[in-house]
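Student: here's my sequence, what's the structure:
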Amino acid sequence: MVICNSLMYYYFLYDRDMDVKYLWWLHDPGIFYENLDKEILGNIPKDNLYVYAAGKIAGDAVEKYVYGVKAGQLLYGIQDVPVHKKKRNKLLEFAVIANVQRYKGQDILIEALKELSTKELSKIHISIIGNQNSAYALDLKEKSYSLAETVSFIPQVSREKVNEVFDSLDVLIVPSRVDTMSLTAGEAMQHHVVSIVSNAAGISDYITNEIDGLVFRSEDPTALAEKIRWCILHQDQLAEMGDRAREIYNRYFTMDIFHKNLISVVKEVFTE
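Tutor: Numbering: from 1, shown residues only. A predicted model of the protein is given here:
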């Protein structure tokens, strides 16, 4: 068996040894298919090809662009790490951890913040963490000028530093316009951190609103502002909600769960 863990193997899969079983595991939303060779994508041979996706959004995308494919489900796993929660700061700490690109929706967050009052803004701090080498990022910084005391732009950091950020974080925000199965939201759950997630992110299907996280309507700054405001008003509930978020991680995203699911998929493929 050959396991391909990337959409970019599509050209290789078009012209391959048909006697070997191939397991193609995909994580990509539909926009990632747009600039690929549609003729090659649509005509990848299906013999001995077994396609799995990390969530419904990724599954819908591959089924749309690769004709005749039916995608099974295989969620990712996240390696557990020690959690060292730090004493809370005076300000409520929020963060977005993602490359600063339009589909990640950081501009929606900036527009949401402009709907909060001066008093509300004085109670929070937002870190936008990720690669900022884009025209979109430059434009976003200009639009954020009036929020300089509330918003900090931080370049991409190491894995160790991300874990430190989670240890001091109150709320993760995932404002994405599309996101198959947000890895950072899964990491937040691992760290007992509440997430505010767009309903265009696949992981929103695992969140119960105001119980173990918060879900807002995609591309709606007012709806996102309301969720941020809710966190300000219910700060005393965030720790308990974070503990319940950890239960989602325990149920779906541990490496043990991933291992069992992967072995099950491999056994299923080899019995066909």
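Student: now the helices for this structure?
Tutor: All helices of the chain, identified by DSSP state H, fall at 10-14, 38-42, 56-65, 106-113, 118-121, 135-143, 159-167, 183-190, 221-233, 238-252, 255-270.
Student: which of those helices sits closest to residue 177?
Tutor: Nearest to residue 177 among the helices of the chain is helix 106-113; the distance by CB to CB comes to 7.7 Å. Where you see a C-beta, it was placed from the backbone N, CA and C, and this is true even at glycine.
Student: contacts only, for residue 173.
Tutor: Contacts for residue 173 (CB atoms under 8 Å, 6 or more residues apart in numbering) come out as 94-96, 109, 126, 195-196, 224, 228.
Student: rerun at 6 Å
Tutor: Counting by CB atoms under 6 Å, 6 or more residues apart in numbering, residue 173 touches 94, 96, 196.
Student: give me the most central residue, the chain.
Tutor: Nearest to the mean C-alpha position of the chain, by CA atoms, centre = their mean, lies residue 182 at 1.4 Å.
Student: can you pull the contacts of it?
Tutor: Here residue 182 is in contact with 174, 201, 203 (criterion: CB under 6 Å, 6+ apart).
Student: how far away is the closest residue to residue 104 other than its chain neighbours from residue 105?
Tutor: Closest residue to residue 104 apart from its sequence neighbours, by CB to CB, 6 or more residues apart in numbering: residue 98 at 4.4 Å. Note on residue 98: its distance to residue 105, by CB to CB, to the nearest Å, is 9 Å.
Student: tell me which residues of stretch 85-92 are tucked away?
Tutor: Across stretch 85-92, burial judged by 16 or more other CB atoms under 10 Å covers residue 92.
Student: kindly export it (C-alpha atoms) in CSV.
Tutor: Output in CSV follows, covering the C-alpha atoms of stretch 85-92 (Å, rounded to 0.1, in the frame of the first residue of the first chain):
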residue,chain,number,x,y,z
LYS,A,85,-1.8,27.1,32.3
LYS,A,86,-0.5,30.4,33.4
LYS,A,87,-2.2,32.9,35.8
ARG,A,88,-4.6,35.0,33.9
ASN,A,89,-3.7,38.5,32.9
LYS,A,90,-5.8,41.6,33.7
LEU,A,91,-6.8,41.6,30.0
LEU,A,92,-8.8,38.7,28.4
